[in-house]
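>>> let me see the structure of the following:
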Amino acid sequence: MTEVPGLLQRIPNDIKPMAALGLGAFLLVLTVLFHGSGLHRILILQKRGERRLLSGKPHLLGAALLFAFSVFLMLSLHVLEIVFFAGILTKLGLMLRASDAIYFCANAYTTLGYGNVDLGPYWRNISPIIAMSGLFTFAWTTSALVDVVSSHSTLVDTLENERTLERALRSALRKDEWNVVQREREAARAAREKTRELAAGASFFERRRIWKEERAKEAQLIKDKVMEIRELRRKERQAEEELGPGGPPPG
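Residues are numbered from 1 along each chain as shown. Model (predicted):
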């Protein structure tokens, strides 16, 4: 690679503009191939993240972070491509300092078109090729970004529906728990009334036996209540875990 700058300098000046076009076209093809493979990978990661979010509990924050991460990766692609152009120009000896090369390539890549750094008069044809690379890649990114935004919108709608189902499940759980508590209280009240009726007119030892049986029944009722509430909560958690697109509504 150290001999390449010398070879470029030995090219006749009349041929250098054409050589600049050929070099720029080669770099453009490499950039587009890299950009396409990068976008393909980003879209795959987006789809995988969406599947993970849909398979678990609905987390809208996770959906927002996934969208932000995808946009950040797209931005990183363009930054890497600018650095790629700058590195090539520096290695070829067309730019002396890396900072100037990055500034020049960023201006050309984004078609900003101003700056006090430029290539020599024989190699300046590379500038419009870099600009064309930016046009191609930005258009491709815009197309992919539209898909990501559309997919993100669908994901948010689905997660919002799942949250609605989740709230309905929890509301139904609270209602069922309250019904269990009420049944336990009514059963305990009925047991105490029956105990008072049986204890009326009974001897002291009979009343002690009746009260002891009544306390045991109340303890069993409380134990049954706790077990039933635990089972209701277990079923509710299982129903939440099974939430997904097109899942059955709570009932």
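>>> would you map out the domains in the chain?
4-151, 165-241 (automatic domain parsing).
>>> secondary structure element for Ala188, which one?
Ala188 is part of helix 126-199, with elements assigned from DSSP states H and E.
>>> just want the angle from the helix or strand following that helix to helix 126-199.
Next along the chain after helix 126-199, taking DSSP H and E as the criterion, comes helix 204-241. Put simply, helix 204-241 runs at 160 degrees to helix 126-199, going by axes from the mean of the first three to the mean of the last three C-alpha atoms, to 10 degrees.
>>> show residues contacting stretch 137-157.
Contacts of stretch 137-157 from elsewhere in the structure, counted by C-beta atoms under 8 Å, 6 or more residues apart in numbering, are 31-32, 35-36, 39, 42-43, 46-47, 50, 53-54, 60, 63, 66-67, 70-71, 74, 77-78, 81. Yep, even glycine has a C-beta here, placed from its N, CA and C like the rest.
>>> inside helices: which ones of those residues?
Among those, the members found in helices (DSSP state H) are 31-32, 35-36, 39, 42-43, 46-47, 50, 53-54, 60, 63, 66-67, 70-71, 74, 77-78, 81.
>>> among those residues, name the buried ones.
Buried subset of the ones in helices among the contacts of stretch 137-157 (neighbour count, 16 or more other C-beta atoms under 10 Å): 31-32, 35, 39, 42-43, 46, 50, 53-54, 63, 66-67, 70-71, 74, 77-78, 81.
>>> turn the domains of the chain into CSV, including mean pLDDT and distance to Asp157.
Shown next, in CSV, are the domains of the chain (pLDDT from 0 to 100; distance: least, C-beta to C-beta, whole Å):
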stretch, mean pLDDT, distance to Asp157
domain 4-151, 87, 10
domain 165-241, 75, 13
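>>> so which of those is the most surrounded?
domain 4-151 (a mean of 16; mean count of other C-beta atoms under 10 Å).
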